[in-house]
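Trainee: Have a look; sequence and predicted model below, questions after that.
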Amino acid sequence: MPKEEQTGIVYQDRRYVGSKETLGYILFDVAGGFNISDYNERYIYDVLKIDLSLLAVVSGINSVWDIVNDTFIGTIVDKTRTRWGKFKPYLMITAIPGTLLGCLGWLMPYMFNQDPFNMAKFAMYLALAMIGEGMGTFRGISVGGYLAAITPHPVDRTRLIMLTQLLSGFFGEQIPGILMGLFIDLINNKVIHWTMRGTYVKMGLFTTLVSGTTALYFLFVSRERVVQSVETPKIMAALKSVANNRPLLIAVISECLSNFKIGVNKTNYFIDVLGAASIKNIVGIPGGLTSSLSFLYVPWARRRFPTKLLWIVGGSFSEFLMAIVFFFGSIGGKGEKGWYRDVWKMIPILTVQEFLANGVLGLKRIIPTEIFNESLDYCEWKNGYRTEGITTVAKGFANKILGSVMNTIKPLWMKALGYDMTRDFGKQDDNTKYLLFAFCTIIPFLTSLLGVIPKAFYPLTGKKREQMYEELLARRAQTQKDLSDGFAGPVPGEEKTSGEE
């Protein structure tokens with residue numbers, strides 16, 4: 001294991017996180033994706049049956065509540081100092097109740113009938129959404145801060161993110177979605193005689209329990225290593241640090257403009273137009289190769305190209321390719337001769353799209369995460385303290401205001417497209433089918449272009465970024481030394497390096 005220099009600056013290849021904790025880190029990421037969330041809309045449309053207008057009401061109320069609770073929850077987190085760290089207590093406290101709430105949501109079809117206007121069902125769905133949103137805010141802020149604080153070194157952090165994204169597929173992250181799509185197709189085509197309700201509930205409960213248990217394992221084997229300032233920042237100082245955080249402001253503006261993106265879930269197109277949810281899994285098979293390779297070149301790309309360029313390419317390339325898919329699918333017009341309705345034509349086209357799009361998946365996953373982590377480090381570099389809570393809230397605040405409007409009207413888009421929940425599988429009219437295709441291909445691309453512009457002005461690149469981390473590493477090493485000299489016994493966050501395990 002490389003030793004520290006006398007100046008206190010660690011070598012670039014030092015690793016703080018050992019093998020057991022790295023495994024937990026990977027499993028924690030898997031837990032976040034081990035679900036059937038791609039079919040949440042179909043669960044509501046096909047099983048739970050809540051009217052689209054009522055869904056818009058739920059989205060509107062919950063979005064306002066989300067904006068309201070963010071500010072005070074972010075402040076509470078930033079002022080927290082415990083022997084277990086700043087974020088871990090909130091993750092531990094919300095883990096079990098969050099899992100139980102998730103299970104209760106999946107059990108609702110056994111509690112209520114399928115009347116779309118059942119107000120008791122509506123009230124319970126709204127209550128679960130609001131409670132889940134409050135707990136989710138604590139969890140969301142804490143997860144972002146915790147993963148940024150698990151190692152003080154940016155190279156070690158990038159290594160963890162890359163390993164996580166590269167290896168998470170080997171732990172079955174995508175298996176629930178693949179199986180759920182297969183089950184839906186088999187049930188719709190009467191190959192198996194399971195009920196849709198029972199299948200959704202069993203898969204939902206299983207994935208929720210597995211995810212919750214896996215997340216708890218990570219929390220038990222991991223810890224925070226970035227030393228927080230002893231004095232908690234005052235609210236005005238924290239807000240000022242956000243206003244002066246240019247990397248964060250660029251990310252906020254980009255996300256706000258990206259919220260004007262309009263579209264519908266591709267799953268609706270696969271089921272209602274092409275006739276099979278499993279098409280999503282079929283077209284993604286060749287892309288599995290390019291997605292794995294895409295993570296391997298990210299460290300090299302970060303050394304060779306500006307962060308802003310990687311951010312733009314990673315975020316927009318897939319949607320650009322979907323716009324091309326739209327033009328191929330529109331051959332033959334809107335009627336029965338349209339390519340967009342021909343499964344044998346669309347599968348090869350979508351397969352090529354997925355294959356090429358997955359070639360930049362590593363950039364799409366890693367760069368935005370690192371931009372957020374760098375904005376936290378930038379705050380520490382400029383102000384001497386970290387404000388993960390307020391920074392997370394600020395990053396999402398304006399974004400959520402616009403997002404709340406878009407999420408509120410999203411169920412109404414389906415009505416505007418002519419979608420009828422009472423129609424059987426594959427029975428939507430021709431115009432609706434074509435609009436479902438357009439709203440998952442060309443429309444998202446066109447309406448997302450505004451979000452690309454701010455990315456070109458991202459400032460933390462090249463020598464400035466190198467200077468920031470050189471000074472931060474020296475400062476953190478000195479802070480750790482001062483704490484060790486001032487206190488008897490172990491210092492919170494002080495830990496054996498991976499070479500000592």
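Mentor: Perfect, I can see it now.
Trainee: State the distance from Lys49 to Met421.
Mentor: 7 Å (Cβ to Cβ, to the nearest Å). Heads up, the C-betas are built off the backbone N, CA and C, glycines and all.
Trainee: Which one's more surrounded, those two?
Mentor: Applying other Cβ atoms under 10 Å to Lys49 and Met421 shows that Lys49 carries more neighbours, namely 19 against 14.
Trainee: can you pull the contacts of the more buried one?
Mentor: If you count contacts by Cβ atoms under 8 Å, 6 or more residues apart in numbering, Lys49 has them with Gln114, Asp115, Pro116, Met421.
Trainee: List phi and psi for the second one.
Mentor: For Asp115, the backbone dihedrals are phi -70, psi 120 (criterion: degrees, to the nearest 10).
Trainee: Identify the residues contacting the closest residue to Glu354 other than its chain neighbours.
Mentor: In this structure, Glu354 finds its nearest non-sequential neighbour in Gly287, 4.0 Å apart by Cβ to Cβ, 6 or more residues apart in numbering. By Cβ under 8 Å, 6+ apart, the residues touching Gly287 are Thr351, Glu354, Phe355, Ala357, Asn358.
Trainee: from memory Asn69 sits against Gly132, does it?
Mentor: No: applying Cβ atoms under 8 Å, one finds Asn69 not in contact with Gly132, separated by 11.7 Å.
Trainee: rewinding a little: which residues do Lys49 and Met421 both contact?
Mentor: Common neighbours of Lys49 and Met421 (Cβ under 8 Å, 6+ apart) are Pro116.
Trainee: by contact count, what packs against the longest helix along the chain?
Mentor: For the chain, the helix with the greatest residue count under DSSP state H is helix 119-149. Applying 3 or more Cβ pairs under 8 Å, 6 or more residues apart in numbering; DSSP states H and E, one finds that helix 119-149 contacts helix 52-78, helix 88-107, helix 361-383, helix 388-416.
Trainee: ok, the residue nearest to Glu354 to Gly314 distance?
Mentor: Distance from Gly287 to Gly314, by Cβ to Cβ: 15 Å.
Trainee: just Phe138 next, same as before
Mentor: From Phe138 over to Gly314 (counting by Cβ to Cβ), the distance is 29 Å.
Trainee: now do Arg225
Mentor: 28 Å.
Trainee: before we move on, what about Gly32?
Mentor: Applying Cβ to Cβ to Gly32 and Gly314 gives a distance of 19 Å.
Trainee: Neighbour count for those two, which is higher?
Mentor: A direct count of neighbours by other Cβ under 10 Å for Gly32 and Gly314 places Gly314 higher, at 22 against 15.
Trainee: Let me know the secondary structure of the closest residue in space to Arg159 that isn't next to it in sequence.
Mentor: Using Cβ to Cβ, 6+ apart and skipping the chain neighbours, the partner closest in space to Arg159 is Arg15 (7.3 Å). What DSSP: H, G, I helix; E, B strand; the rest coil gives for Arg15 is coil.
Trainee: correct me, but Arg15 touches Arg157?
Mentor: No: between Arg15 and Arg157 there is no contact under Cβ under 8 Å: 10.5 Å.
Trainee: Looking at the two, which is more packed in?
Mentor: Set Arg15 next to Arg157 and count neighbours by other Cβ under 10 Å: Arg157 wins out with 23 against 19.
Trainee: Tell me, how many residues neighbour Leu23?
Mentor: 16.
Trainee: how near is it to Glu224?
Mentor: 18 Å.
Trainee: Identify all contacting residues around the strand or helix carrying Gly315.
Mentor: Using DSSP states H and E, Gly315 sits within helix 307-329. Around helix 307-329, the neighbours that count as contacts under Cβ under 8 Å, 6+ apart are 301-302, 338-340, 345-346, 349-350, 353, 356-357, 360-365, 367-368, 370-371, 437-438, 440-442, 444-446, 448, 451-452, 455-458, 460-461, 465.
Trainee: and that helix with helix 361-383, angle?
Mentor: 150 degrees (axes from the mean of the first three to the mean of the last three Cα atoms, to 10 degrees).
Trainee: just the CA coordinates of helix 307-329, formatted as CSV?
Mentor: What follows is helix 307-329, C-alpha atoms only, in CSV (Å, rounded to 0.1, in the frame of the first residue of the first chain):
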residue,chain,number,x,y,z
THR,A,307,-16.1,16.9,-18.4
LYS,A,308,-18.6,19.1,-20.2
LEU,A,309,-18.2,17.1,-23.5
LEU,A,310,-18.6,13.8,-21.8
TRP,A,311,-21.7,15.1,-20.0
ILE,A,312,-23.3,16.2,-23.2
VAL,A,313,-22.6,13.0,-25.1
GLY,A,314,-23.6,10.7,-22.3
GLY,A,315,-26.9,12.5,-21.7
SER,A,316,-28.1,13.1,-25.3
PHE,A,317,-26.8,10.3,-27.5
SER,A,318,-29.5,7.8,-26.7
GLU,A,319,-32.3,10.3,-27.3
PHE,A,320,-30.7,11.4,-30.6
LEU,A,321,-30.8,7.7,-31.7
MET,A,322,-34.4,7.4,-30.7
ALA,A,323,-35.2,10.4,-33.0
ILE,A,324,-33.7,8.4,-35.8
VAL,A,325,-35.8,5.4,-34.8
PHE,A,326,-38.9,7.6,-35.2
PHE,A,327,-38.1,8.3,-38.9
PHE,A,328,-37.7,4.6,-39.7
GLY,A,329,-40.8,3.7,-37.8
